[in-house]
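Trainee: after the sequence you'll find the predicted model.
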Amino acid sequence: MNRKRFWLYGRVASPDSHALEIQMEGLRRFAESWKLNVVGQSQDEQSGLTFDRPGIMQFLDSVRARKVDALLVKDLSRLGRDYIQVGRFLDDLNGSGIEVFETATLITSGL
């Protein structure tokens, strides 16, 4: 059986480890309830105006190593606040064969 390998990613705009942990725990619980094959996770505590963030870089390293098939985020705003940049990022991921899901997307898609 070919199961998608998911990466969980969370971000908060400013240092707030409590809010970030709540977000990540929500992603982990969601993945567990849907029995997703989670192969990694990362997070950032900084502005979403740039994609030069350690957590995103860790995810992209796994993409380049072909260790991941899909990205799960709470919502697309966790990737970034500049929607043009986010769109380009999503296009690049799509071109690499990586699917991106928001938790609400998975609920409605029946994955």
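Mentor: Right, received. Where do you want to start?

Trainee: where do the helices of this protein begin and end?
Mentor: Ranges of helices in the chain, per DSSP state H, are 17-33, 54-64, 83-95, 103-109.

Trainee: deepest of the ones you listed, which one?
Mentor: Mean neighbour count (mean count of other CB atoms under 10 Å) peaks for helix 54-64 among these, with a mean of 16. C-beta here means a position set from N, CA and C on the backbone, and glycine is covered the same way.

Trainee: show me the shaky parts of this protein.
Mentor: 1-2, 105-111 (pLDDT under 70).

Trainee: phi, psi of Val68?
Mentor: Dihedral angles of Val68 (phi, psi; degrees, to the nearest 10) stand at phi -140, psi 150.

Trainee: and the helices of the chain: which comes nearest Ser77?
Mentor: Nearest to Ser77 among those is helix 83-95 (8.2 Å), distances taken as CB to CB.

Trainee: would you mind getting the angle between that closest one and helix 54-64?
Mentor: 30 degrees (axes from the mean of the first three to the mean of the last three CA atoms, to 10 degrees).

Trainee: what helices or strands is helix 83-95 leaning on?
Mentor: Packed against helix 83-95, as judged by 3 or more CB pairs under 8 Å, 6 or more residues apart in numbering; DSSP states H and E, are the following elements: strand 99-102.
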